[in-house]
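**Q** Have a look at this prediction, sequence included:
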Amino acid sequence: MTTPTRGYTATKDQLLARLRRIEGQVRGIEKMVDEDRYCIDVLTQISAIQAALDKVGLGLLDGHARHCMHEGAMEGKAEEMADEMLSAVARLMRRG
């Protein structure tokens with residue numbers, strides 16, 4: 001069975017490396033809390049992680065728009081794909 005091509009397939013290694021860095025940042029926050037670091041310093045690191053995750057999310061949306069939605073449109077599923085993407089954007093924008 002062939003693995004399907006995704007919008008991020010071409011940059012999968014970069015994506016995985018970025019996610020590993022984010023994972024390391026999260027572990028760093030855990031260490032900061034364990035060491036009773038100053039609240040604002042912890043919050044600053046949380047903000048940095050959120051920004052990094054937003055960048056990953058935007059990259060995935062870009063790949064989805066350029067690859068997956070294009071393929072979906074060629075298969076006659078343009079409306080369905082647009083609705084799906086807008087739902088994903090709405091989920092990414094919800095915070096707090």
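**A** Looks like it arrived, so ask away.

**Q** For the longest helix along the chain, give the mean pLDDT please.
**A** If you go by DSSP state H, the chain has its longest helix at helix 39-63. Here helix 39-63 scores 95 as its mean pLDDT.

**Q** How about stretch 11-19?
**A** Here the average pLDDT along stretch 11-19 is 93.

**Q** Report the secondary structure state of residue 71.
**A** Under the three-state scheme (DSSP: H, G, I helix; E, B strand; the rest coil), residue 71 adopts helix.

**Q** cool, residue 3 as well?
**A** Going by three-state DSSP: residue 3 is coil.

**Q** ok, the residue nearest to residue 62 when sequence neighbours are not counted to residue 46 distance?
**A** Nearest residue to residue 62, sequence neighbours excluded (Cβ to Cβ, 6 or more residues apart in numbering): residue 7, at 7.6 Å. Where C-beta positions appear, they are placed from N, C-alpha and C, glycine not excepted. Using Cβ to Cβ, to the nearest Å, residue 7 is found at 28 Å from residue 46.

**Q** neighbour count winner among these two?
**A** Legend: neighbour count by other Cβ atoms under 10 Å for residue 7 and residue 46, higher for residue 7 (19 against 14).
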